[in-house]
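Participant: Got a predicted structure here, sequence first:
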Amino acid sequence: MAAAMELRCWGGDWGLPSVHTESLIVLAYAKFSGATVSISPIDWTWKTITATVPELLCGDSAIQEPAQILNFLRKQRFNADYELTARQGADTMAYIALLEEKLRPAVLHTFWVDAENYTNLTRPWFASHSPFPLNFFVPSRHANIALSRILLTKGEAPLHRISEVEGKIYSDAKECLNLLSYRLGTANYFFGDSPTSLDAFVFGFVAPLQKASLPRSPLQSHLKQLDNITRFCDNILAVYFSLDHPYG
């Protein structure tokens, strides 16, 4: 009998099974591949500041990072990509790289660096899901990590201030969303009639941006004009998560 699998991740809200991009990617892929995974939210525990999530526990193994977790699930014969051609596999890697390069900085900026969104949405949410006294430290720690990551990837030497790269970040993100919308077209998923790892990654990046009640977000406004991408997220939630615990 296969060992039981437990996924530690940030919990859900806003109608999503998790508010956390990386956790959403793994949760979606587990659904797509038919993997049976028990979910252990780290909310309200001391792990909110010490854990690297998502983290998949299986027997003596502890796997972190979405790409590594997806590879582990494939080795357990939970493979949502088994019907992809070599060309489609290459396209998957290219689009995931595009998401990481073009969309991630803008998503991080939207939730963790934009002062209005951070003050009114992000900080209160993560503080309210962390135990005392960590509720004072967890949001600022995540915000500092997000800012450092943006500047590391976008702040060419000499290191720019965040205000100097903000315009480029959002321009790149809108271009990425437009490319995804064009590639998806009228289909439900990016490759055929069944979702794959690319669908899981796109869902993980886009769904929080679509569903969060952000006080201010030009990127969210742009996304909501791309009807096929918003339908894509809504379809995944309806088909794969509607029977789960209602989040938010």
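Facilitator: Cool, the structure landed. Numbering: from 1, shown residues only.

Participant: Mind listing what's buried along stretch 130-147?
Facilitator: 130, 134-135, 138-139, 142-143, 146-147 (16 or more other Cβ atoms under 10 Å). Bear in mind the C-beta positions are built from the backbone N, C-alpha and C, glycine included.

Participant: which intervals of the protein have sub-threshold pLDDT?
Facilitator: For the chain, applying pLDDT under 70 flags the ranges 1-2, 154-161, 163, 243-248.

Participant: residues contacting the residue nearest the centre of it?
Facilitator: Centroid-nearest residue in the chain, with Cα atoms, centre = their mean: Thr21, separated by 1.7 Å. The neighbourhood of Thr21, defined by Cβ atoms under 8 Å, 6 or more residues apart in numbering, consists of 104, 107, 204-205, 208.

Participant: and with 7 Å instead?
Facilitator: Applying Cβ atoms under 7 Å, 6 or more residues apart in numbering to Thr21 gives the contacts 107, 204-205, 208.

Participant: Please report how far it lies from Lys174.
Facilitator: In this structure, Thr21 and Lys174 are 18 Å apart, going by Cβ to Cβ, to the nearest Å.

Participant: picking that back up, ok, so of the contacts of Thr21, who is nearest Asn120?
Facilitator: Nearest to Asn120 among the contacts of Thr21, counting by Cβ to Cβ, is Pro208 at 15.5 Å.

Participant: So for the longest helix along the chain, what gets flagged as buried?
Facilitator: Scanning the chain for the longest helix, with DSSP state H as the assignment, gives helix 162-184. Applying a neighbour-count criterion of 16+ other Cβ under 10 Å, one finds 165-166, 169-170, 172-174, 176-177, 180-181, 184 buried in helix 162-184.

Participant: Kindly reformat those as JSON lines containing distance to Ile96.
Facilitator: Output for the buried residues of helix 162-184, formatted as JSON lines (distance: Cβ to Cβ, whole Å):
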{"residue": "Val165", "distance to Ile96": "22"}
{"residue": "Glu166", "distance to Ile96": "24"}
{"residue": "Ile169", "distance to Ile96": "19"}
{"residue": "Tyr170", "distance to Ile96": "20"}
{"residue": "Asp172", "distance to Ile96": "16"}
{"residue": "Ala173", "distance to Ile96": "15"}
{"residue": "Lys174", "distance to Ile96": "19"}
{"residue": "Cys176", "distance to Ile96": "11"}
{"residue": "Leu177", "distance to Ile96": "15"}
{"residue": "Leu180", "distance to Ile96": "11"}
{"residue": "Ser181", "distance to Ile96": "17"}
{"residue": "Leu184", "distance to Ile96": "15"}
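
Participant: so where do the strands sit in this protein?
Facilitator: Per DSSP state E, the chain carries strands over the ranges 5-9, 37-41, 55-58, 61-64.

Participant: For Glu143, give me its contacts.
Facilitator: Not quite, residue 143 is Ala, not Glu. Neighbour list for Ala143: 112, 118 [criterion: Cβ under 7 Å, 6+ apart].

Participant: What's the separation between it and Arg149?
Facilitator: 11 Å.

Participant: got it, and Gly11?
Facilitator: Applying Cβ to Cβ, the value for Gly11 to Arg149 is 23 Å.

Participant: which non-adjacent residue is nearest Pro66?
Facilitator: Of all residues not flanking Pro66 in the chain, Ile25 sits nearest, at 4.4 Å (Cβ to Cβ, 6 or more residues apart in numbering).

Participant: burial measure for the one you found, as a count.
Facilitator: When counting by other Cβ atoms under 10 Å, one arrives at 29 neighbours for Ile25.

Participant: hang on, it packs against Gly204?
Facilitator: Yes - here Ile25 reaches Gly204: they are 3.5 Å apart, a contact under Cβ atoms under 7 Å.
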